[in-house]
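In: sequence and predicted model, in that order:
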Amino acid sequence: MAAFGTVFMPQMALAKYEDQQWGDSEIVSSDSISLHPGAHVLHYSSTCFEGLKAFRHEDGSVHIFRMDANIKRMAQSAELLSLPAFKPELLEQMVKDIVAKFADEVPAAPGSMYIRPTFIGTEPAIGKAAAPTSSALLYVLLSPVGDYFAVGAKPLRLLLEENGMRCAPHMGMVKSGGNYASALGPISQARTEVDADQVLFCPGGDVQETGAANFILIDGDELITKALDSSFLHGVTRNSILTLARDLGLKVSERELTVDELLERAAKPGCEAALSGTAAVLTPVGTLIHNGKEHTVGNGEAGETTLKLRQALNDIQWGKAQDQHNWLTSI
Ligand SMILES: *Cc1c(COP(=O)(O)O)cnc(C)c1O
């Protein structure tokens, strides 16, 4: 199977911002943009993106999961990066148009169509290190993806990093390119040195998130995860899982979690940990590596509650359970 995100549909939806206004969105070839080498994004990282998915139901219909939440987050990222404002309706129409265009290509369960809205500052002006771009491109790419859980069913190994940070604290809730480049050094080092799959960033002992997914600890009937603040990315999957957990009668605690408490709880039999994200869905964590020591989470296997919550989410996405929270948009 091709690696996640390496296959693209041949066309994308695109809209241009120029002379203080948005043009109409168009469907164009996916390789059709050209940028001046001095474009603002290439020098000053004026860029943000989103990741969401469309799912095919058994009756053949296609549904986009939590599009409103992703568009809202993109608008917030854009604002925090001083990129031009856009109307949510513009991006909504672009997403719907391109998914409708390639509706036949949306894989059936357990696959899905990954949707990647992208926003970049294009003004050719290298003198604008301290000024916003005056022109920008908004586009929506599509990439069909398979079931990465079946392949990677082995629970993840996470290195707990207390000294470094994923990104600058005020950039945590912005889904922007530079944040990922900023986390690559520590992640590559953790892979080579302790064979970790990901780094769980815990600056000063505060358990935050990994490079591209949120962290959830499940201890008995309680889910514990960091309360929302501006230091980390507010995952739509995180919100969905917490909502489904409440629906199932579990206790949800959004609060600070220290490395000490995490390690103490993780050692208990029956404790579970997982990463949440659009690509990861809810992926079990089996091992925490801290100060050269390996700590098994519960029995080290995928937890029962983790699998139950993952299934509950997938059932809504694939139309096998009722969409009680109105999370799906039909195409
Ligand atoms: C995208 C992302 C997440 C997960 O967000 P979802 O909306 O659930 O996909 C978590 N952390 C980071 C840093 C991310 O980039």
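Out: That came through fine. None of these values were measured; they are calculated from a predicted model.

In: distance check, Asn291 against the ligand.
Out: According to Cβ to the nearest ligand atom, to the nearest Å, Asn291 and the ligand sit 24 Å apart. The way it works is simple: take the backbone N, C-alpha and C, and place the C-beta from them, glycine included.

In: how many residues are close by that residue?
Out: Asn291: 8 surrounding residues under other Cβ atoms under 10 Å.

In: got phi/psi on it?
Out: Torsion angles at Asn291 (phi, psi; degrees, to the nearest 10) stand at phi 50, psi 40.

In: kindly report the same for Ile98.
Out: On the backbone of Ile98 - angles per degrees, to the nearest 10 - the values are phi -70, psi -40.

In: quick one: pLDDT of it?
Out: For Ile98, the model assigns a pLDDT of 98.

In: cool, and Asp147?
Out: Confidence at Asp147, expressed as pLDDT, is 78.

In: mind listing what's buried along stretch 34-53?
Out: Neighbour counts over stretch 34-53 (16 or more other Cβ atoms under 10 Å) mark 39-53 as buried.

In: what's the most distant pair in the residues you listed?
Out: Greatest spatial distance among the buried residues of stretch 34-53 (Cβ to Cβ): His43 and Lys53, at 31.9 Å.

In: about what we covered before: nearest to the ligand among the buried residues of stretch 34-53?
Out: Nearest to the ligand out of the buried residues of stretch 34-53 is Gly51 (Cβ to the nearest ligand atom; 5.3 Å).

In: quick check, that closest one in contact with Ala279.
Out: Yes: using Cβ atoms under 8 Å, Gly51 is in contact with Ala279, at 6.7 Å.

In: shared neighbours of the two, anything?
Out: Tyr114 (Cβ atoms under 8 Å, 6 or more residues apart in numbering).

In: regarding Asn179, what is its secondary structure?
Out: Assigned state for Asn179: helix (three-state reduction, DSSP: H, G, I helix; E, B strand; the rest coil).

In: go on, Tyr17?
Out: Using three-state DSSP, the three-state assignment for Tyr17 comes out as strand.

In: so who does it touch?
Out: In this structure, Tyr17 makes contact with Gly23, Pro84, Phe86, Ser135, Ala136, Leu137, Leu138, judged by Cβ under 8 Å, 6+ apart.

In: what residues does stretch 23-40 touch?
Out: For stretch 23-40, the external contacting residues (Cβ under 8 Å, 6+ apart) are 8-17, 41-42, 46, 90, 93-94, 97-98, 101, 120-126, 128, 133, 137-139, 141.

In: can you select the buried ones from these in PyMOL?
Out: The buried residues among the contacts of stretch 23-40 can be selected in PyMOL (16+ other Cβ under 10 Å) with this line:
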select buried, resi 9+11+12+13+14+15+16+17+41+42+46+90+94+98+101+120+121+122+123+125+128+133+137+138+139+141
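
In: and the stretch 1-150 of the chain, which residues reach the ligand?
Out: Within reach of the ligand by Cβ under 6 Å from any ligand atom, the stretch 1-150 of the chain has these residues: Gly51.

In: what segments of the stretch 1-150 of the chain are helices?
Out: Ranges of helices in the stretch 1-150 of the chain, per DSSP state H, counting those that start in this stretch, are 40-44, 67-80, 88-101, 148-151.

In: Ile316: neighbouring residues, count only.
Out: By the criterion of other Cβ under 10 Å, Ile316 has 21 neighbours.

In: what distance do you get for Thr296 to Glu162?
Out: Distance of Thr296 to Glu162, computed by Cβ to Cβ, to the nearest Å: 20 Å.

In: try Asp195
Out: Distance from Asp195 to Glu162, by Cβ to Cβ: 19 Å.
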